[in-house]
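Visitor: This is a predicted model, with the sequence first.
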Amino acid sequence: MQFALGHKHNWTGLFACMFIAACQVTPPVPPAEELVRKGERLFFNETFNGNGRTCGTCHRAEDNFALSPNFIATLPADDALFVAETNPDLAQNFENTRLIRELGLILENQDGFDDLANNFNLRGIPHTLALRTSIDSAAGPQTGWSGDGAPGDGSLRSFAVGAVIQHFPLTTNRIAGVDFRLPTDDELDALEAFQLSLGRQQDLTLPLTLRGTLALRGQEIFMDRALGKCNACHFNAGANGDPGIFGPGAGNLNFNTGVEALPDQPADLTGERVPPDDGLGIPGTGEFNTPPVVEAADTGPFFHNNAVDTIEGAVAFYNGDAFNDSPAGQLLAGATGSGIKLDATQVVAVAAFLRVINALENIRQSDALLDRAYPAFRITPEQQTSLIRRATFEIEDAVQVLSGSNLHPPAVGELRIALTSVNEALAGSGTGRKQLVGEARASLSRARERMIES
Amino acid sequence: MNSKAISIGVVLAALMSMPPLARGQQATEVYIPIGKSPGISVSRSYIGEIRQVDYAARSIEMLGKTGAKSINVDDKTTYYLDRSHSRKKSATGDMSDCKVGRRIEANVSDDGTVVWIKIETE
């Protein structure tokens, strides 16, 4: 097409052509992505007219959408997490801020609100990664530490309603429309979409062709039905039962694994009032929900009560009396002829396997986030920066998880290079930023190649 | 699958055959006003005014937008007193709170069991 400058109708054609070209360069944001973005805004910014907390107050993007004592130690005194210290109406029976600070434990009234002084549980904050793979079961959706974390129909979509009532109110009267407002249906849709977008969208398929000998041995023990027996309940290192044992579609399961029977639990040692936690239901069955273990190594402390700090300790738990004398442990022993008994080297090997698959997931996630930072559709600079920043958190975690047990030093080196590139990208903009992101992704790819065969 | 694995399957499958447990955190349900329970109020509950109560037979007749409905409660039915419209704290109650003329929401499961009833009170 040719345009003769100065002719009005041809200018119109030129502008029309430019408009079409512009539209082709930046197509509209797909509705699904728009819903996720809306959910993200709500997750981190919406207080629902409550005490100032948001979903992101406890599920921090910087801390794997969970909250660990180490991260809590970096928060200012006026952070909404400590609202019980700043809002007099929440000073009693709302939180134990000493246990928040020391152990990352949050107060919940799982068994009712009639006796706030005595009827409560103290639980860690589970991450919200890989929810797409970890909450479906034959009995219905399972959310939270005991699988019954949501009111209404118990779904992830409904979870936010219970969370607002439990954690967001201005007073412990918890009057809807006074102490908080309930999320709207549209907000629940968006929050669900955002949470489902986080982390893995599908389970691994074990065994993986890992390069490290220790992690490889750990994988063998993990999958061995006579030794580690881990894969029975954490099938493919996820949150679902082995369909070869529990039947197809069993999905996510609850078990009483005896964590409550552990001696010398950190919360008990503080001398603070810590009532026993009876798990699922009212009254409880003593059962708790099976979490995925791909994401375990960088999301400690472990178990519903943050009883164990290290991934090695979490693996070793299954050697002890608390587990082997528990209903789940007894069932397993009856079926297999023995409980779980791993030596120290085997514990470390299983933990090494968990560290490596966690780091591989960190790499996958950070690469996906960097990819999303340059979509085919419109993205604001703020959204792009947010995605790149979240990628840095993942890379940092991979470095910590691997170097914490001296695993794959060359891969750690590549990850550190990737981290440098991404941090420089965050400081820059435009094509320079894009080039640095590309370099980071190349380093991530090389790190992955050091850890697993293609 | 070897015999050991089958043995694991037989024993652990017992876990799957246990009676269904209450799903959802019922504890926070007490603070959710009538008509606002997510995933329940729109499609799985009945909202209306109590027309008749037979405490001995444990039956309640209610009239809602879709017409009359008779429900039968049991020992497991939970009662919530919804006072949010008068800006007062909600609480748990019992069947005696079901009085003629009061507005209620009944969450009825697929098998006809009434899981909970929310009763609008002052």
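Guide: Right, received. Where do you want to start?
Visitor: A:Pro69 contacts A:Leu105, correct?
Guide: No: under the criterion of C-beta atoms under 8 Å, A:Pro69 is not in contact with A:Leu105, lying 9.1 Å apart. For glycine as for every other residue, the C-beta is placed from the backbone atoms N, C-alpha and C.
Visitor: got a list of contacts for stretch B:59-77?
Guide: Stretch B:59-77 is contacted from outside by B:46-54, B:57-58, B:95, B:98, B:104, B:106, B:108, B:112-117, using C-beta atoms under 8 Å, 6 or more residues apart in numbering or on different chains.
Visitor: So which elements touch the lengthiest strand in chain B?
Guide: Longest among the strand segments of chain B by residue count, using DSSP state E, is strand B:45-54. Packing contacts for strand B:45-54, counted by 3 or more C-beta pairs under 8 Å, 6 or more residues apart in numbering or on different chains; DSSP states H and E, involve strand B:59-64, strand B:67-72, strand B:103-108.
Visitor: before we move on, back to that, ok, of the contacts of stretch B:59-77, which come out buried?
Guide: Among those, those classed as buried by neighbour count (16 or more other C-beta atoms under 10 Å in any protein chain shown) are B:46-48, B:50, B:53, B:98, B:104, B:106, B:108, B:114-117.
Visitor: Let me know the closest of those to A:Asp136.
Guide: Set against A:Asp136, the nearest of the buried ones among the contacts of stretch B:59-77 by C-beta to C-beta is B:Val115 (21.3 Å).
Visitor: ok now do A:Asn49, which residues does it touch?
Guide: Contacts of A:Asn49 (C-beta under 8 Å, 6+ apart): A:Phe180, A:Arg181.
Visitor: residue in the stretch 201-350 of chain A nearest to chain B?
Guide: A:Ala335 (4.1 Å; C-beta to the nearest C-beta).
Visitor: Can you tell me how far that residue is from A:Gly104?
Guide: Counting by C-beta to C-beta, to the nearest Å, the separation of A:Ala335 from A:Gly104 is 35 Å.
Visitor: same check, this time on B:Ile60
Guide: Counting by C-beta to C-beta, the gap from B:Ile60 to A:Gly104 is 45 Å.
Visitor: Checking the single nearest residue of chain A relative to chain B next. Helix, strand or coil?
Guide: Residue nearest to chain B within chain A: A:Asp153 (2.9 Å; C-beta to the nearest C-beta). Following DSSP: H, G, I helix; E, B strand; the rest coil, the label given to A:Asp153 is coil.
Visitor: Could you double-check that it lies in contact with B:Gly39?
Guide: Yes: A:Asp153 is within contact range of B:Gly39, at 2.9 Å (criterion: C-beta under 8 Å).
Visitor: Just give me the neighbour total for A:Asp325.
Guide: Counted with other C-beta atoms under 10 Å in any protein chain shown, the neighbours of A:Asp325 add up to 13.
Visitor: Kindly report the same for A:Glu102.
Guide: 17.
Visitor: just A:Glu108 next, same as before
Guide: Count around A:Glu108 with other C-beta under 10 Å applied: 23.
Visitor: wait, what's in contact with it?
Guide: Contacts of A:Glu108 by C-beta under 8 Å, 6+ apart are A:Phe120, A:Asn121, A:Leu122, A:Arg123, A:Gln166.
Visitor: Over to A:Leu81?
Guide: When contacts are counted by C-beta under 8 Å, 6+ apart, A:Leu81 is found next to A:Arg53, A:Thr57, A:Cys58, A:Leu67, A:Ile72, A:Leu75, A:Ile100.
Visitor: start to end distance for stretch A:296-314?
Guide: The first residue of stretch A:296-314 is 9 Å away from its last residue (C-alpha to C-alpha, to the nearest Å).
Visitor: before we move on, the earlier item: find the residues that touch each one of A:Pro69 and A:Leu105.
Guide: Contacts common to A:Pro69 and A:Leu105, judged by C-beta under 8 Å, 6+ apart, are A:Asn306.
Visitor: about what we covered before: out of the helices and strands packed on strand B:45-54, which is the most enclosed?
Guide: Stretch with highest mean neighbour count among the helices and strands packed on strand B:45-54: strand B:103-108 (a mean of 22; mean count of other C-beta atoms under 10 Å in any protein chain shown).
Visitor: Export only the CA atoms of it, formatted as CSV.
Guide: In CSV, the C-alpha atoms belonging to strand B:103-108 read as follows (Å, rounded to 0.1, in the frame of the first residue of the first chain):
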residue,chain,number,x,y,z
ARG,B,103,-35.5,-16.6,58.7
ILE,B,104,-33.1,-19.5,58.3
GLU,B,105,-30.7,-21.0,55.9
ALA,B,106,-30.3,-24.8,56.0
ASN,B,107,-27.3,-26.6,54.5
VAL,B,108,-28.6,-29.9,53.3
